[in-house]
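Engineer: sequence below, structure please.
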Amino acid sequence: MLDAEKGSDHIQALQALFGAALRRAYGPRQVLIREGDRPTSLYLLSQGTATVSLTDWHGHHAVLSLLGPGEFFGEMGMLPGGEGHRSAQVTSRSEVVLLEIPYPRFIALCRDHPLLWLELAGQLAQRLRTTNRRLVGQRVLKLHERLWYVLSELAARPDAEPVEDGHAVRITRDELGMLIGCTRETAGLALAEMAEEGRIRLLGRRIVVPAQSCSTESPPPPRMSEA
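Structural biologist: Residues are numbered from 1 along each chain as shown. Down below sits the predicted model:
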């Protein structure tokens, strides 16, 4: 993640990025980029959170991932092999502030600030690792382990809210169900069972994951037997 505290290279890259980008603000539940549109710009989420989704064969949106501050999106149209149209939809989950950078301008910036390419490549690599783990998890982990893994992953993100005994994440039952491969009702029941066991706490729309669990380096240990 680009961070001014990491040194002068990061400061210069951030200054160049902010100087070249257009700043845009949106309210919650606004479509930021639409699947199928012609891509012309890359975006950096400066504030707020967003959802990345695809339309399935029935016309329903399937959640692929959640985005937080400091994350790029809309990069596929800039890379070799791009399909010439947006491959997914991104929708704001809260009030958001975006930096919009036309592809040619971003490429020019990267010539002077290679750290920008490295940051983008690092984020793409992390998303691929996360997707691979989830795909494997769908086959080898039980429902409660898949849920625990996703919650731990979200709690380890920079945008998770620190609380006294861990980190709180905001995610709907619908979003959780799509991420772990079940219905919203099943996700809600699994959350309630995990709360009864003391593995998590439910605070309204927030889910508190204990501090020692906020890691995604390895799958959580098996606890339950439900499919």
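Engineer: what sits against Arg86?
Structural biologist: Ile33, Arg34, Glu35, Gly36, Asp37, Arg38, Pro39, Gly74, Met76, Gly77 (Cβ atoms under 8 Å, 6 or more residues apart in numbering). Using the backbone N, CA and C atoms, a C-beta is placed for each residue, glycine as well.
Engineer: filter those down to the buried ones and hand me the ChimeraX line.
Structural biologist: Buried residues among those (16 or more other Cβ atoms under 10 Å), as a ChimeraX selection:
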select :33,39,74,76,77
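Engineer: and of the contacts of Arg86, the nearest to Leu191?
Structural biologist: Glu35 (29.1 Å; Cβ to Cβ).
Engineer: can you give me phi and psi for Gly48?
Structural biologist: Backbone geometry at Gly48, expressed as degrees, to the nearest 10, gives phi 90, psi -170.
Engineer: give me the number of residues near it?
Structural biologist: When neighbours are counted by other Cβ atoms under 10 Å, Gly48 registers 20.
Engineer: so it sits against Arg93, correct?
Structural biologist: Yes. Between Gly48 and Arg93 there is a contact under Cβ atoms under 8 Å: 7.2 Å.
Engineer: next, format the contacts of Arg86 as CSV and append distance to Leu154, pLDDT and secondary structure.
Structural biologist: Shown next, in CSV, are these (distance: Cβ to Cβ, whole Å; pLDDT from 0 to 100; DSSP: H, G, I helix; E, B strand; the rest coil):
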residue, distance to Leu154, pLDDT, secondary structure
Ile33, 22, 96, strand
Arg34, 25, 94, coil
Glu35, 23, 92, coil
Gly36, 28, 91, coil
Asp37, 28, 94, coil
Arg38, 32, 93, coil
Pro39, 27, 94, coil
Gly74, 22, 94, coil
Met76, 23, 91, helix
Gly77, 27, 90, helix
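Engineer: in JSON lines, list the contacts of Arg86 along with distance to Asn132.
Structural biologist: Compiled in JSON lines, those are given as follows (distance: Cβ to Cβ, whole Å):
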{"residue": "Ile33", "distance to Asn132": "24"}
{"residue": "Arg34", "distance to Asn132": "27"}
{"residue": "Glu35", "distance to Asn132": "23"}
{"residue": "Gly36", "distance to Asn132": "26"}
{"residue": "Asp37", "distance to Asn132": "28"}
{"residue": "Arg38", "distance to Asn132": "29"}
{"residue": "Pro39", "distance to Asn132": "25"}
{"residue": "Gly74", "distance to Asn132": "22"}
{"residue": "Met76", "distance to Asn132": "18"}
{"residue": "Gly77", "distance to Asn132": "23"}
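Engineer: so which of the contacts of Arg86 is the closest to Ala21?
Structural biologist: The nearest member of the contacts of Arg86 to Ala21, counting by Cβ to Cβ, is Gly74 at 12.3 Å.
Engineer: chain neighbours aside, what residue packs nearest to the closest one?
Structural biologist: Closest residue to Gly74 apart from its sequence neighbours, by Cβ to Cβ, 6 or more residues apart in numbering: Tyr43 at 4.7 Å.
Engineer: which ones are touching Pro181?
Structural biologist: Check again: residue 181 is Gly, not Pro. By Cβ under 8 Å, 6+ apart, Gly181 lies in contact with Gln138, Arg146.
Engineer: could you measure it against Leu147, distance?
Structural biologist: Note on Gly181: its distance to Leu147, by Cβ to Cβ, to the nearest Å, is 10 Å.
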